[in-house]
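Student: structure for the following, please:
(one chain, ligands or ions: 1)
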Amino acid sequence: MERQRLIQWCAIWAAAIVVLMTLGSRVVTRSYLAEGSERTQAALRLTTDGLIGHLRRYEALPRLLAEDEDVRAFIADPSDADAMNDWLKSTNELLESSDIYIIGADGITIAASNFDLPETFIGEDFSYRPYFTEALAGRDSRFYALGTTSGVRGYYYSAPIRAPDGRNAGVMVFKIGLDAIEGSWRGTDIGIFVTDPEGIVFLASDPGLVYATTLPMEPERTERTAASRRYSDAELMPLDHRRGERSGFATFHTGGREYLERSATMPGADWAVHALLDTGPLLAQARLALLAGVLLLAVTGTVGGLILQRRAQLAERLALQAEAQELLEQRVEERTADLARVNSRIKTEVTERRLAEKELRRTQADLVQAGKLAALGRISAALSHEINQPLAAARNYADSAAILIDRQDYPRARENVVQILSLIDRIAAIGHHLRAMARKPNQRLEDLDLAATVREAVAIAGPRLAAARAEVVLDLPDLPTVRGAAVGLQQVLVNLLTNAADAVEGTGDRRIEIDATPGDPVVLRVRDHGPGVPTGIADRIFDPFFSTKQGSGLGLGLSISYNIMKDFGGDLRVTSHPDGGAVFEVVMRSALRMAAE
Ligand code: ADP
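Tutor: Alright, predicted model coming up:
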């Protein structure tokens, strides 16, 4: 995408450069030529004005000199030429002209400022010069020529000298040099040349051009020029040139070069002044400007392209960032929504769990209760046996007692009654235990000091322990308070202690060790060093009426204890110690945790 845009950009700029090269080249060239042409025109005007000004400065002088009384007297009587010569010389010096001389009516020079120089004009015949003939005819005249005597180019002004009698008896000639003004044209890039009406160059900033002819030298022209001897013996060479046009501007081609040409006719002199400006540097400048333009365009294009590229990259990056930001926000929103959902689900689950726990506890209690009832059902047969057996025995004792009373054997009858009482007690005990077992627990649970309860239980079981000569070893660390009912827990502990006493009675090691592990749950262990519980009956010892103690045991102690512990939310377990003896574990819930719940 971005690459495509860059390629498009490059193509547009390349096209722009090509168009600019073609169109621009014409426009730029034209503009430079126009500027050059204007400059040439300005130079031409300056040159022409300068030339006119220079020539006009001397215009009036010949007539002024010709009308001098002494001059007029001299033309009437030219016998005393010396004074005139001196005067002409000093006047010439004063006016900074080239030469001043007087020509007699016959065309022979009779006085001259250069009278004392080897190339003096005195005696020279200038009758062929137009300025002489015209002045003699009474008109002021001007003429440009190469001096035949002096070999110096000059501009000749002439005026008729009227003799005192009024006729034109001579001509006053005033010649100025034009080298200085020609010299002032040099030093610039604009070339100047001046042509006479015959097309002959007689003034030029380039000395090589002087006496070149710019018009075809037709015989009449050559003749006219030769007649005036304007250019004396100078060789007139045709100038190899042609005129043309470039971008609407007149051009002049010579010497293998092309020049812009501006020309003007000099008023009052029949001269054409030409200004030339070499087009080479102009075209070079135009090419340079064009090149600079193209370079500038290329640079601008490159910079523009780079800026475009950077902007596109930046825009893309920003868009990506915005997209990423949006995505992030979307994700955060989704996550937040997820979390909120999870949170509410957790809350629901917690509520559900609490309810389930509550339900479970109720179900558990119901189950325990149901278990008890089921147990009662299961034991009904055993129960009838347990009750019927002492009942039958009691009946037998009662029958015997009746017979013994009849025989008046009261002591034995009394023994039988004692036996009957014992049997009644046994039945009563069964009844008591069964009541306890069948009842639904309604004792309130409380925070119990386990160690204290243990000590109380040890005290209660004291006589039995003493009878069995059992030795209780307590190892109770700092125990947390536990949840339970004091009477129930005491009942359990007394039961365990009694069983332990039974187990160790008559054995070598009669230690009963009680220790506990704090935490939650709190585990209290009662270990004896008796024979232990054989694996085969371990899972049955908590059943009601299970007893291995023939005749002396009801088999209800552990069953009732187990149920009490379950009522507390705890447990009662049995294991065998690796070193022998039974270990009963009383598992209690910590009061702290209960409080936390
Ligand atoms: P009882 O003591 O009247 O027999 P229990 O329910 O208290 O009834 O005990 C059931 C049986 O568990 C006992 O008969 C005995 O076999 C076994 N038992 C209980 N405690 C111990 C013990 N410390 N060591 C060995 N066996 C035990």
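Student: and stretch 119-133, C-alpha only, in CSV?
Tutor: The C-alpha coordinates for stretch 119-133 follow below in CSV (Å, rounded to 0.1, in the frame of the first residue of the first chain):
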residue,chain,number,x,y,z
GLU,A,119,52.2,63.9,-41.7
THR,A,120,50.9,67.5,-41.8
PHE,A,121,47.8,68.1,-44.0
ILE,A,122,49.2,71.2,-45.5
GLY,A,123,49.4,70.9,-49.2
GLU,A,124,47.1,67.9,-49.2
ASP,A,125,44.3,67.8,-51.7
PHE,A,126,41.0,66.9,-50.1
SER,A,127,38.8,68.0,-53.0
TYR,A,128,37.5,64.4,-53.3
ARG,A,129,36.2,64.4,-49.7
PRO,A,130,32.4,64.9,-49.6
TYR,A,131,32.8,67.1,-46.5
PHE,A,132,34.8,69.5,-48.6
THR,A,133,32.5,69.6,-51.6
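Student: what lies in contact with it?
Tutor: 81, 85, 99, 101, 103, 106-112, 114-115, 141-143, 145, 148-151, 156-158, 171, 173, 227-229 (CB atoms under 8 Å, 6 or more residues apart in numbering). Where C-beta positions appear, they are placed from N, C-alpha and C, glycine not excepted.
Student: out of those, name the ones that lie in helices.
Tutor: 81, 85, 227-228 (DSSP state H).
Student: and these, which are buried?
Tutor: With neighbours counted using 16 or more other CB atoms under 10 Å, the ones in helices among the contacts of stretch 119-133 contain these buried positions: 81, 85, 228.
Student: so where does R224 fall, helix or strand?
Tutor: Element membership for R224, per DSSP states H and E: helix 219-228.
Student: and after that helix, which helix or strand comes next?
Tutor: strand 237-238.
Student: quickly list what the closest residue to D520 other than its chain neighbours is bridged to.
Tutor: The shortest distance from D520 to any non-neighbouring residue, by CB to CB, 6 or more residues apart in numbering, is to S590 (3.9 Å). In this structure, S590 bridges to V482 when assessed by DSSP bridges.
Student: how near is S590 to the ligand?
Tutor: Distance of S590 to the ligand, given as CB to the nearest ligand atom, to the nearest Å: 26 Å.
Student: do you know how far that residue is from R395?
Tutor: 52 Å (CB to CB, to the nearest Å).
Student: all helices of the stretch 151-300 of the chain, in order?
Tutor: 179-183, 219-228, 279-378 (DSSP state H, counting those that start in this stretch).
Student: show me what the shortest one is packed against.
Tutor: This means helix 179-183. Applying 3 or more CB pairs under 8 Å, 6 or more residues apart in numbering; DSSP states H and E, we find helix 179-183 packed against helix 25-57, strand 201-204.
Student: so which bits of it are buried?
Tutor: 181-182.
Student: quick one: residues in contact with that helix.
Tutor: 50-51, 54, 153, 203-205.
Student: what about the helix or strand where V19 lies, average pLDDT?
Tutor: Here V19 sits within helix 2-19, counting by DSSP H and E. The average of the pLDDT scores along helix 2-19 is 77.
Student: and if you look at stretch 66-83?
Tutor: pLDDT averaged over stretch 66-83 gives 90.
Student: repeat that for stretch 330-350.
Tutor: 88.
Student: same question, stretch 358-372
Tutor: 70.
Student: swap in stretch 254-265?
Tutor: Across stretch 254-265, pLDDT averages out at 92.
Student: distance between the ends of stretch 246-258?
Tutor: Stretch 246-258 has an end-to-end distance of 10 Å (CA to CA, to the nearest Å).
Student: cool, and stretch 574-583?
Tutor: 6 Å.
Student: hmm, that stretch touching the ligand?
Tutor: Yes - Stretch 574-583 is in contact with the ligand by CB under 6 Å from any ligand atom, via A582.
Student: how many neighbours does the residue of the stretch 51-200 of the chain found nearest the ligand have?
Tutor: Going by CB to the nearest ligand atom, the ligand is nearest to D189 of the stretch 51-200 of the chain, at 138.0 Å. Residues near D189, counting by other CB atoms under 10 Å, number 13.
Student: oh, and call the first residue 207 from now on, that's how I've got it
Tutor: I'll keep to 207 as the first residue from here, and by that count the last item is D395.
Student: does it touch G486 like I think?
Tutor: No - the criterion here is CB atoms under 8 Å, and D395 misses it with G486 at 10.2 Å.
Student: okay, now the unreliable bits of the stretch 257-406 of the chain?
Tutor: Of all residues in the stretch 257-406 of the chain, none has pLDDT under 70.
Student: using the three-state scheme, assign I718.
Tutor: With DSSP: H, G, I helix; E, B strand; the rest coil as the basis, I718 sits in strand.
Student: quick revisit: which of the contacts of stretch 325-339 count as buried?
Tutor: Neighbour-count burial (16+ other CB under 10 Å) applied to these gives 287, 291, 305, 307, 309, 313-318, 320-321, 347-349, 351, 354-356, 362-364, 377, 379, 434.
Student: inside strands: which ones of those residues?
Tutor: Counting by DSSP state E, those place 305, 307, 309, 315-318, 347-349, 351, 362-364, 377, 379 in strands.
Student: now the terminal residues of stretch 658-676, how far apart.
Tutor: End-to-end distance (CA to CA), stretch 658-676: 20 Å.
Student: tell me the contacts of the residue nearest to D726?
Tutor: Here S796 is in contact with 686-689, 725-728 (CB under 8 Å, 6+ apart).
Student: which residue packs closest to S390, ignoring adjacent ones?
Tutor: G256 (7.3 Å).
Student: try F458
Tutor: E467 (3.9 Å).
Student: identify the residues contacting that neighbour.
Tutor: By CB under 8 Å, 6+ apart, the contact list for E467 reads 246, 449, 456-458, 480-482.
Student: any of the residues you listed buried? List them.
Tutor: 246, 457-458, 480-482.
Student: let me see the contact set for the nearest residue to P366 once chain neighbours are set aside.
Tutor: The shortest distance from P366 to any non-neighbouring residue, by CB to CB, 6+ apart, is to N374 (4.1 Å). Residues counted as contacts of N374 (CB under 8 Å, 6+ apart) are 311, 341-344, 366-368.
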